[in-house]
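Asker: give me a 3D structure for the following:
(one chain, ligands or ions: 1)
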Amino acid sequence: MYPRIVQDLIELAENLLPGVGRRQATRFIFGLLKRNPSDIIRFGSLIKSLPDEVAFCPQCFRIHDNAKTLCAICGDTKRDQKTIAIVEKESDVTALEKMKTFQGVYHVLGELMPLLENKKGLNSTMLEALKNRIKEKEIKEIIFALPTTPEGDITTAFLEKKLAKNGLKMTRLARGLSSGTDIEYADPETLRQSFELRK
Ligand SMILES: [Zn+2]
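Answerer: So this is what the prediction gives:
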């Protein structure tokens, strides 16, 4: 048995970090123990300040500086606030911003629908937030920029059904992106083309 604190940390790392199993969590914590004490303290204090320093934008769910209400993109009046690209995660926004051509705004789902439990649908709070945003902000176009994977496809199909209403255009990125592509890793030129050719 390891000391209690080490045991607790391993369990926390396993439960809190996505994609990390028991063996990997054990390796992380033991790796950390070998570091300089000042690095461990810095790591711990940064994690401690996360809840106070960072928040999710209440409109698009990107992470941003807690000081402002809306994130920089949602608060930018020069951007087209009526066109929303729906993405899976924060790093996809970064990839799409690298195209430098998209002038609309984003909505970060934070998850895709799991393939094997597709009856479960998407997190209902997120779905409601998206529906309200479309209504309140009089959104004109939704662009599905989800990964070209089975999970991405069923999530897009689910949302197309749930969000359909008169006057709302819904488009998908053109399939210049090969299947299995994560938006985050697509090259900017291919992304730009699939955006322009969206239908
Ligand atoms: Zn935002």
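Asker: going forward, measure contacts between C-alpha atoms and count neighbours the same way
Answerer: Fine.
Asker: need the residues of this protein near the ion, please.
Answerer: Within reach of the ion by C-alpha under 5 Å from the ion, the chain has these residues: 57, 60, 71, 74.
Asker: any low-confidence regions in this structure?
Answerer: The model of the chain has pLDDT under 70 over residues 67-68, 117-121, 175-180.
Asker: if we go to 90?
Answerer: Residue ranges of the chain with pLDDT under 90: 1, 18-19, 50-55, 64-69, 98-101, 111, 113-127, 148-150, 165-167, 172-199.
Asker: ok, longest helix in it?
Answerer: helix 37-53 (DSSP state H).
Asker: mind listing what's buried along it?
Answerer: By neighbour count with 16 or more other C-alpha atoms under 10 Å, helix 37-53 contains no buried residues.
Asker: before we move on, back to that, closest to Glu151 out of the residues of the chain next to the ion?
Answerer: Glu151 lies nearest to Cys60 out of these, by C-alpha to C-alpha, at 20.9 Å.
Asker: which ones are touching the closest one?
Answerer: By C-alpha atoms under 8 Å, 6 or more residues apart in numbering, the residues touching Cys60 are 74, 106-108.
Asker: same thing but at 7 Å, please
Answerer: Contacts for Cys60 (C-alpha atoms under 7 Å, 6 or more residues apart in numbering) come out as 106-108.
Asker: tell me the spacing between it and Asp187.
Answerer: Distance of Cys60 to Asp187, computed by C-alpha to C-alpha, to the nearest Å: 24 Å.
Asker: how about the spatially most central residue of the chain, what does it touch?
Answerer: Centroid-nearest residue in the chain, with C-alpha atoms, centre = their mean: Lys89, separated by 1.6 Å. By C-alpha under 7 Å, 6+ apart, the contact set of Lys89 is 108-110.
Asker: what does it show for phi and psi?
Answerer: For Lys89, the backbone dihedrals are phi -150, psi 170 (criterion: degrees, to the nearest 10).
Asker: so where does Gly152 fall, helix or strand?
Answerer: Assigned by DSSP states H and E, Gly152 belongs to helix 150-163.
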